[in-house]
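Chemist: Output the structure for:
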Amino acid sequence: MSRFCGTLFAIAVLAVLAAATCSSGPSSRRQQGGQSGTASGGAGGAAGAAAADCARFKFTFSQLTSCGTCPADTSKLCPCLTTGFVAAILADRRLTCAFGRCLSGMDCPATCAYLGDPNTDPIKGGEALEVLARCLDAALTVSCDRDAVCNDGRCVGEDDSGGGICRTGGSGIACRNAGDCLSGACVTTDIDANARSCGDARPEAVCNDDGHCGGGRCIKANANAGLGICTNGASNEPCFTKADCSGYACVPISGSRFDVCSDGNPDTGDRCAEPAHCRSNFCVQGECSSGEETSRCTAPRECKSGFCELGFAGADPGYCVSGDNGTRCGYDTSCKSGLCGLNVGDSLPGRCTAGTRGEPCAANDDCTSKSCATSQPPVVVNSCDGDLAGLPCGNGGVCASDGACYYGRCS
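Modeler: All right, here's what the predicted structure looks like:
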């Protein structure tokens, strides 16, 4: 698709018209994403715009050293081009300059008359705008016979009978050989052996061999694959097997076209899919964990202590606890003793206990004696064996079997 069509999609309120005209049109000859390796020479093919249509605009260009020195906004060339869709195109230096060839003028009366008033006839105005865009694109297609003609770009197909075409040499741009690419990597795809495009030689870039990877390696899913992916083997870089990594593991990533290397470091939360991917042997929700107290967990097996506190509401994730007596708990399974006693007024309902006389309890099962006594409202406190000495009680309040309720307190 032409780069101008892409711009129209982004700026046009006439989305339906833009989609119809842009999606059906041939690709720009200087497009950024082309992967065809057959770059024919010359600027004669006007990308769908007839020569007669383009002649009316009478574009003029200045040849500068780079597009960075072109006027920032060429919409000011004509009074009628300072608003609307045309202004958006002409205000974008990327669309009015190629390889130092910069738009510097046009026949303003003829251009303005051709475009008309888009408010009066938006359909006709949109079609005229598309012709202007295609003609400008064709006029900026630079023929070449050597790289020097293309300033900071590359001449692709210079050995063809009709000469070559200047291209940027950037990632994804059509190429014939390594010299056509800024990265030096001209990659052949699996789909078509004659289709080549420039890679960027960085991790995750496509490749055919190690020479396409800027000092890294080109790894492939299997020995028969023609197309691979670049990696240096560092953490979070692509891999297919552990041998592709300089770190600890190659971690499978669901839905990805490649797995990723991991150092297995719990201190930095490196990626994992199973405990074996981590130096600590603890993998929690896709990240390596130390398993120490306060570390995240979803089950006891993810903690060194063997105890994971999920909280009274079953929080996910929870955190690792020691399970020692006196530590807070929500469930009996969070305690080494297997007893989580009632703890009124705390953010969690209890603390781990030994279930001995005087320790807090929620039910008889929280006590080794199987006896959990409760004081009376307004303050309710539970204690194993009814040892509530000094705690509030009321008329008929429950105190230890050998105690009594005096002046609202157990004796």
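Chemist: what's the lengthiest helix in the chain packed up against?
Modeler: Longest helix in the chain, counting residues (DSSP state H): helix 122-139. Using 3 or more C-beta pairs under 8 Å, 6 or more residues apart in numbering; DSSP states H and E, the elements in contact with helix 122-139 are helix 3-11, helix 15-24, helix 51-55, helix 84-90, helix 93-96, helix 108-115. (Glycine included, C-beta is placed from N, CA and C.)
Chemist: how about a cut-off of 10 Å?
Modeler: helix 3-11, helix 15-24, helix 51-55, helix 84-90, helix 93-96, strand 101-105, helix 108-115 (3 or more C-beta pairs under 10 Å, 6 or more residues apart in numbering; DSSP states H and E).
Chemist: Pairing partners for the helix or strand that that helix is followed by, with directions?
Modeler: Counting by DSSP states H and E, the next helix or strand C-terminal to helix 122-139 is strand 143-144. Strand pairing for strand 143-144, using DSSP bridges, gives strand 164-167 (antiparallel).
Chemist: could I get the strand it pairs with in CSV with only the CA atoms?
Modeler: The C-alpha trace of strand 164-167 is given here as CSV (Å, rounded to 0.1, in the frame of the first residue of the first chain):
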residue,chain,number,x,y,z
GLY,A,164,17.8,0.9,-10.3
ILE,A,165,15.6,2.7,-7.8
CYS,A,166,16.7,4.4,-4.6
ARG,A,167,15.5,2.8,-1.4
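Chemist: Could you find the closest non-adjacent residue to residue 62?
Modeler: residue 104 (4.4 Å; C-beta to C-beta, 6 or more residues apart in numbering).
Chemist: give me every residue that touches residue 99.
Modeler: 30, 63-64, 66-67, 140-142, 144, 149-155, 166-168 (C-beta atoms under 10 Å, 6 or more residues apart in numbering).
Chemist: next one: residue 221
Modeler: Counted by C-beta under 10 Å, 6+ apart, residue 221 has contacts 227-229, 240-241, 257-258.
Chemist: Okay, helices next: where are they in the stretch 251-400 of the chain?
Modeler: For the stretch 251-400 of the chain, no helices are identified by DSSP state H, counting those that start in this stretch.
Chemist: okay but the residue nearest to residue 62 is in contact with residue 69, surely?
Modeler: No - in this structure, residue 104 is not within contact of residue 69 by C-beta atoms under 10 Å, at 11.8 Å.
Chemist: Those two - which one has more neighbours?
Modeler: Between residue 104 and residue 69, residue 104 has the larger neighbour count (other C-beta atoms under 10 Å), namely 17 against 12.
Chemist: mind listing the strands in the stretch 151-300 of the chain by residue range?
Modeler: Listed in chain order, the strands of the stretch 151-300 of the chain (DSSP state E, counting those that start in this stretch) span 154-156, 164-167, 186-188, 196-198, 206-207, 217-219, 228-231, 238-239, 249-251, 259-262, 283-284, 287-288, 296-297.
Chemist: Export these to CSV and append columns for distance to residue 112, mean pLDDT and mean neighbour count.
Modeler: Formatted as CSV, the strands of the stretch 151-300 of the chain follow (distance: least, C-beta to C-beta, whole Å; pLDDT from 0 to 100; neighbours: other C-beta atoms under 10 Å):
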stretch, distance to residue 112, mean pLDDT, mean neighbour count
strand 154-156, 36, 93, 29
strand 164-167, 31, 91, 27
strand 186-188, 44, 91, 23
strand 196-198, 40, 90, 26
strand 206-207, 46, 90, 23
strand 217-219, 54, 94, 20
strand 228-231, 50, 93, 25
strand 238-239, 53, 95, 26
strand 249-251, 60, 96, 24
strand 259-262, 55, 95, 24
strand 283-284, 66, 96, 24
strand 287-288, 61, 96, 22
strand 296-297, 66, 92, 22
